[in-house]
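Student: Got a predicted structure here, sequence first:
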Amino acid sequence: MRKTFLTAIFALVSCIAFAQSEQGFGIKAGLNYGATGDYFDAARDAYDDPKGNVGYHVGIFGKIGEEIYLRPELVYTKTKTDYENNSLDMSKLDLPVLIGVKVIGPLNVFAGPAFQYILDTDYSGVTLGDVENDFTVGLNIGAGVNLGKIGIDLRYERGFTENEVTVIDANSGISTIGDRIDTRPDQLILSLSLKI
């Protein structure tokens with residue numbers, strides 16, 4: 001799995017190098033709001049604590065094409081999800097490979113697979129076991145607006161398969177039956193990008 005992820009990173013760097021001579025290269029950053037497991041269940045709790053599930057991301061991207069384009073990205077993402085007064089923090093590297101279409105004027109829509117490599121998970125006050133799969137695949141779908149070198153986009157990200165981590169009882173070191181957390185991403189992502 002790690003070889004696959006390193007190959008994907010190499011492909012992204014190659015695309016970015018090519019993109020610099022063709023269409024473009026840039027940096028991006030923004031906020032993530034979501035949950036792991038089921039976004040729509042977690043959204044009900046957003047009214048009580050709107051800061052509870054906010055994370056951030058920073059990264060780079062390349063763009064090849066005009067009306068129809070390919071946009072590979074390499075993004076460091078930090079997410080936070082609240083579960084019953086505890087917080088699951090997760091750090092990961094995301095590699096979305098998006099295909100986009102310019103719709104009208106500066107408006108574009110895009111979709112594509114997102115490859116994720118989980119770097120670290122931390123559940124406050126509780127010991128966690130290993131995540132089942134460090135490397136997972138999901139989907140990004142969204143829309144954006146490009147105003148010269150500045151771009152703004154909003155996308156939805158969802159993991160394809162369940163990827164759980166086991167909660168371990170800190171006192172006994174034994175896995176508690178049924179206490180598993182679904183770590184697949186399920187979030188809204190708001191990004192600001194700058195083409196260099």
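Tutor: Arrived safely.
Student: how close does residue 152 sit to residue 115?
Tutor: To residue 115, residue 152 is 24 Å away according to C-beta to C-beta, to the nearest Å. C-beta here means a position set from N, CA and C on the backbone, and glycine is covered the same way.
Student: Tell me which of these two has more neighbours.
Tutor: Using other C-beta atoms under 10 Å, the more surrounded residue of residue 152 and residue 115 is residue 115, with 18 against 15.
Student: can you tell me which helix or strand that one belongs to?
Tutor: Per DSSP states H and E, residue 115 falls inside strand 107-123.
Student: Could you list every helix and strand in contact with that strand?
Tutor: Applying 3 or more C-beta pairs under 8 Å, 6 or more residues apart in numbering; DSSP states H and E, one finds that strand 107-123 makes contact with helix 2-21, strand 68-83, strand 86-104, strand 127-131, strand 135-147, strand 150-159, strand 164-168.
Student: Let's see it as CSV, backbone CA atoms only.
Tutor: C-alpha atoms of strand 107-123 as CSV (Å, rounded to 0.1, in the frame of the first residue of the first chain):
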residue,chain,number,x,y,z
LEU,A,107,-17.8,28.6,-12.7
ASN,A,108,-16.6,25.0,-12.9
VAL,A,109,-17.6,21.6,-11.5
PHE,A,110,-15.4,18.6,-10.8
ALA,A,111,-15.3,15.1,-9.4
GLY,A,112,-12.8,12.3,-9.0
PRO,A,113,-11.2,9.8,-6.7
ALA,A,114,-9.3,10.8,-3.6
PHE,A,115,-6.5,8.6,-2.3
GLN,A,116,-5.9,9.0,1.5
TYR,A,117,-3.0,7.9,3.7
ILE,A,118,-3.7,8.1,7.4
LEU,A,119,-0.7,9.5,9.2
ASP,A,120,-2.1,9.6,12.8
THR,A,121,-5.2,9.2,14.9
ASP,A,122,-5.8,10.4,18.5
TYR,A,123,-8.9,10.0,20.6
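Student: Tell me the pLDDT of residue 89.
Tutor: For residue 89, the pLDDT comes out at 79.
Student: What's opposite it in the beta bridge?
Tutor: residue 80, residue 122 (DSSP bridges).
Student: Understood, closing this out.
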